[in-house]
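Visitor: show me how the following folds:
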Amino acid sequence: MSYVITCGDEGVQINEGQRLGVVGAGFKLENFSLIVKSLKKLLGDDIRIAANEENAWIKEKLDLSNWEQANASSQQYLEALADKEALLYAGILPFADPQDLNHGIKGHMVRPPKIHIATKIALTLAGGEQTFHLGQNIISAEWVHLVDSKIAKQLIEDQVNFYQKLAGDTKLELVLVEEGELGEEIAAKNRAALEKIGFGG
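Guide: Numbers count the residues shown, from 1 in each chain. Coordinates of the predicted model:
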C-alpha cells in the first residue's frame with residue numbers, strides 16, 4: 001500500500017495509492033512534523049506527498065493573486081517540504097485525466113475548477129480515505145491518539161475551520177471513517193482522542 005499525503009480538498013482523487021488528507025498537504029500547518037512522525041510510526045517511513053492544482057490553503061498562506069501562481073508555488077514548496085520531512089514527492093495532481101505521478105501514485109482533480117461543493121468533512125481514523133466521495137473534504141486523524149491533546153485539537157480545528165470557510169454558508173457535517181488497514185483498535189483510540197477534544201463526529 002502506497003500512502004500519500006495530499007490536501008484534503010474534496011476534488012483530489014487518488015486512483016493508485018492510499019490518500020491521507022492534510023490541509024494544504026501540510027504546508028505552513030503548525031506542528032505538521034508531529035503528524036508526519038506519528039504517521040510514519042503507524043504506517044512506516046515510506047510515505048509520499050503530492051501537490052494539487054487550486055490549493056486554496058497555499059494560495060491564502062502565500063497571499064497569491066491567482067491560481068497560476070498557486071499551482072507553481074505548491075509544487076516548489078511541497079517538494080521542499082518533502083525533503084524536510086523525509087517524504088517522497090510524487091508531483092502535482094492536475095485538472096485532467098488521471099495522471100501517473102512519481103513513486104507509484106496516480107490521480108487528478110475532479111471537482112469543478114474554482115468551485116467547492118463538499119457538504120462534509122471526513123476524519124479518517126484507521127488508514128486514510130477508503131472510498132472517494134466528491135462531497136467531502138478529508139482529514140487524516142490516524143495520528144491523533146499519539147500526540148498531546150492540545151496540539152491535536154489545534155491541528156484538527158485549523159483544518160476544519162479552513163474547510164468551513166471555503167464552504168461559506170453550507171454547514172459542513174463531520175463524519176468519522178473507522179475502516180482501514182490499521183484496524184479497529186487504532187480506530188477506537190483515535191475516536192476516543194477526538195471525542196476528548198470535541199470532534200466526536
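
Visitor: return the set of buried residues in stretch 36-51.
Guide: 36, 38, 39, 40, 42, 43, 47, 48, 49, 50, 51 (16 or more other CB atoms under 10 Å). Backbone N, C-alpha and C define where each C-beta goes, glycine included.

Visitor: which ones among the residues you listed are found in helices?
Guide: With DSSP state H as the criterion, helices contain 36, 38, 39, 40, 42, 43 from among those.

Visitor: which of the residues you listed sits closest to residue 137?
Guide: Checking these against residue 137 by CB to CB gives residue 39 as the nearest, at 18.2 Å.

Visitor: what separation do you get for the closest one and residue 132?
Guide: Residue 39 sits at a distance of 20 Å from residue 132 (criterion: CB to CB, to the nearest Å).

Visitor: thinking again about what came up before, can you put the buried residues of stretch 36-51 in CSV and add distance to residue 73 and pLDDT?
Guide: Below are the buried residues of stretch 36-51 laid out as CSV (distance: CB to CB, whole Å; pLDDT from 0 to 100):
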residue, distance to residue 73, pLDDT
36, 21, 98
38, 27, 98
39, 24, 98
40, 26, 98
42, 30, 97
43, 28, 97
47, 22, 98
48, 20, 98
49, 15, 98
50, 15, 98
51, 9, 98
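
Visitor: ok, of the residues you listed, which one's closest to residue 5?
Guide: residue 49 (4.5 Å).

Visitor: what bridges to that closest one?
Guide: residue 5, residue 89 (DSSP bridges).

Visitor: quick check: it touching residue 81?
Guide: Yes. Counting by CB atoms under 8 Å, residue 81 is a contact partner of residue 49 at 6.9 Å.

Visitor: what do those two both touch?
Guide: Taking CB atoms under 8 Å, 6 or more residues apart in numbering as the criterion, residue 49 and residue 81 both touch 25, 26, 87.

Visitor: doesn't the first one lie inside a helix?
Guide: Yep, that's residue 25 we're talking about. Yes. Assigned with DSSP: H, G, I helix; E, B strand; the rest coil, residue 25 falls within a helix.

Visitor: what about stretch 105-115, how long is it end to end?
Guide: Using CA to CA, to the nearest Å, the end-to-end distance of stretch 105-115 comes to 25 Å.

Visitor: and the residue of the chain most remote from its centre, what element?
Guide: Largest separation from the mean C-alpha position in the chain: residue 65, at 23.3 Å (CA atoms, centre = their mean). According to DSSP states H and E, residue 65 maps onto no helix or strand at all.

Visitor: picking that back up, need the shared contacts of residue 49 and residue 81 in a markdown table (columns: neighbour count, pLDDT and distance to residue 165).
Guide: Below are the shared contacts of residue 49 and residue 81 laid out as a markdown table (neighbours: other CB atoms under 10 Å; pLDDT from 0 to 100; distance: CB to CB, whole Å):
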| residue | neighbour count | pLDDT | distance to residue 165 |
| --- | --- | --- | --- |
| 25 | 29 | 98 | 18 |
| 26 | 25 | 98 | 18 |
| 87 | 26 | 98 | 27 |
